[in-house]
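Asks: Need a 3D model of the following:
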Amino acid sequence: MIEYNELINKLMFTNVNDIVSLKLFLFVIFTFLLSLAIDVILGELPGRVHPVVIMGSIINFFKDMFINIRNRLSGVLTVLCAGIVLSILLFVIYFIFKINIVLLFIVFTILLSSTYSVNMLLQTAIDVKDDLNEDINKARRSVSYLVSRDTDELTESFIVSAVIESLTENITDSYIAPILYFFIFALIILICPIENHLYFLLLVPMLYRLSNTMDAMLGYKTDELIHIGFFPAKIDDVLNYIPSRIAGMFVVISAFILGLDGKNSFNVMKRDARKCPSPNSGYTMASTAGALNIQLIKKDTYILGDNNKEIVADDISKAVNLSKLSIVLFTITVIVLFTLVYVIL
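Replies: Okay, the predicted model is just below:
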């Protein structure tokens with residue numbers, strides 16, 4: 001029989017663990033929700049202090065160092081060195097602010113908000129639509145910042161297509177993927193606590209954003225980048241493989257809820273998603289094309305969807321609403337699932 005004092009000690013130990021677990025759970029939920037509020041209401045951090053801008057400087061430094069190695073090792077070294085530098089910088093920040101939980105909470109929330117970009121993603125598409133209604137040449141200049149293709153001679157339909165492609169392709173890497181990895185790792189440390197867990201919890205989405213930024217900067221098959229960009233591009237493909245398919249399904253569900261063609265959204269996603277050069281970008285683009293019953297066309301590269309109706313500027317607004325609801329539904333889903341797992345544990 002367990003003695004009274006042993007029983008009390010056992011219960012106290014369990015309660016302590018429960019308190020720690022609850023604190024971590026609440027920390028994850030509140031930092032995420034506040035970071036989302038920062039992004040939606042305030043938008044991006046100033047460029048001079050934005051972590052993605054700093055990541056870009058780190059990537060450029062190692063790119064210049066290793067680009068003369070004319071094989072794929074250059075990309076491997078760039079990824080490793082940039083990842084190590086980012087990890088060290090983040091640990092220094094964590095070490096400075098961990099002495100005060102309130103300061104750490106604030107810094108953690110701000111940094112987390114920089115790993116995704118809902119406000120800019122949606123607003124950029126709306127801005128191009130406004131430019132298109134005002135002047136097509138202005139819209140051509142605006143869309144040139146979103147896509148790599150030549151936009152000087154794009155017609156209205158091709159401008160609208162480019163905007164919707166850029167918007168929907170980036171649902172995955174601008175929001176779904178970093179938040180998915182954030183919550184997955186949060187579950188891992190709830191189940192298997194580790195020392196300095198808050199540092200690693202923030203490091204995970206930060207490293208994802210670093211990978212995505214490297215792909216955006218280096219992942220091109222030009223003469224200059226063909227070697228150094230190979231490994232960063234492949235890592236980005238691997239990291240986005242599951243999130244892109246999840247994002248595609250949320251677009252389909254959102255299409256049903258909004259009264260769009262949800263059935264066609266799913267069918268077109270199954271049929272056309274793999275037509276894109278990227279193994280991942282087609283899932284959200286094709287599902288959106290199906291939902292809106294339009295074709296998204298990048299000349300000499302892919303055609304997604306069916307030409308059931310003429311694509312017009314108002315389709316941008318529909319795509320924005322579809323993307324917005326997909327993001328909302330995903331957000332609710334991950335919070336609910338995270339909460340359910342916590343309660344079960």
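Asks: Going along the chain, name the helices of the stretch 1-150 of the chain.
Replies: Assigned by DSSP state H, counting those that start in this stretch, the stretch 1-150 of the chain shows helices spanning 4-37, 51-66, 73-97, 101-113, 118-134, 136-144.
Asks: Now those helices in TSV, please, with extra columns for mean neighbour count and distance to residue 240.
Replies: The way it works is simple: take the backbone N, C-alpha and C, and place the C-beta from them, glycine included. Listed next are the helices of the stretch 1-150 of the chain as TSV, based on neighbours: other C-beta atoms under 10 Å; distance: least, C-beta to C-beta, whole Å:
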stretch	mean neighbour count	distance to residue 240
helix 4-37	14	20
helix 51-66	17	17
helix 73-97	17	15
helix 101-113	17	19
helix 118-134	18	15
helix 136-144	18	23
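Asks: Go through these and name the closest to residue 336.
Replies: Closest approach to residue 336 among the helices of the stretch 1-150 of the chain is made by helix 4-37 (11.1 Å; C-beta to C-beta).
Asks: Local confidence estimate at the residue nearest to residue 47 when sequence neighbours are not counted?
Replies: Once flanking residues are discounted, residue 47 sits nearest to residue 53: 5.4 Å by C-beta to C-beta, 6 or more residues apart in numbering. Residue 53 is assigned 95 on the pLDDT scale.
Asks: quick one: residue 53 and residue 223, what's the gap?
Replies: Distance, residue 53 to residue 223, by C-beta to C-beta, to the nearest Å: 27 Å.
Asks: Please apply the same query to residue 268.
Replies: Counting by C-beta to C-beta - residue 268 and residue 223 are separated by 36 Å.
Asks: Comparing those two, which residue is more hemmed in?
Replies: Using other C-beta atoms under 10 Å as the criterion, residue 268 and residue 223 rank with residue 268 on top: 27 against 7.
Asks: pretty sure that one contacts residue 287?
Replies: Yes. Look at residue 268 against residue 287 with C-beta atoms under 8 Å: they come within range, at 6.7 Å.
Asks: In the helix or strand encompassing residue 246, which residues are buried?
Replies: Assessed by DSSP states H and E, residue 246 sits inside helix 230-257. Of all the residues in helix 230-257, those buried under the rule 16 or more other C-beta atoms under 10 Å are 230-233, 235-237, 239-240, 242-255.
Asks: thinking again about what came up before, so which of the helices of the stretch 1-150 of the chain is nearest residue 333?
Replies: Checking the helices of the stretch 1-150 of the chain against residue 333 by C-beta to C-beta gives helix 4-37 as the closest, at 13.2 Å.
Asks: Quick one: mean pLDDT for the closest one?
Replies: pLDDT averaged over helix 4-37 gives 72.
Asks: same question, stretch 204-211
Replies: On average, the pLDDT along stretch 204-211 is 97.
Asks: just stretch 69-79 next, same as before
Replies: 95.
Asks: Then stretch 111-119?
Replies: Per-region confidence: stretch 111-119 scores 96 on mean pLDDT.
Asks: Let me see the residues that make contact with it.
Replies: 31-32, 35-36, 38-45, 50-52, 90, 93, 174-175, 178-179, 182, 202, 205-206, 208-209, 327 (C-beta atoms under 8 Å, 6 or more residues apart in numbering).
Asks: Only the buried subset of these, as a PyMOL command please.
Replies: In PyMOL, this line selects whichever of those come out buried by 16+ other C-beta under 10 Å:
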select buried, resi 31+32+35+36+38+39+45+51+52+90+93+174+175+178+179+182+202+205+206+208+209+327
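Asks: Skipping adjacent residues, who's closest to residue 254 in space?
Replies: Closest residue to residue 254 apart from its sequence neighbours, by C-beta to C-beta, 6+ apart: residue 325 at 4.1 Å.
Asks: list the contacts for the one you found?
Replies: Contacts of residue 325 by C-beta under 8 Å, 6+ apart are 254, 257, 258.
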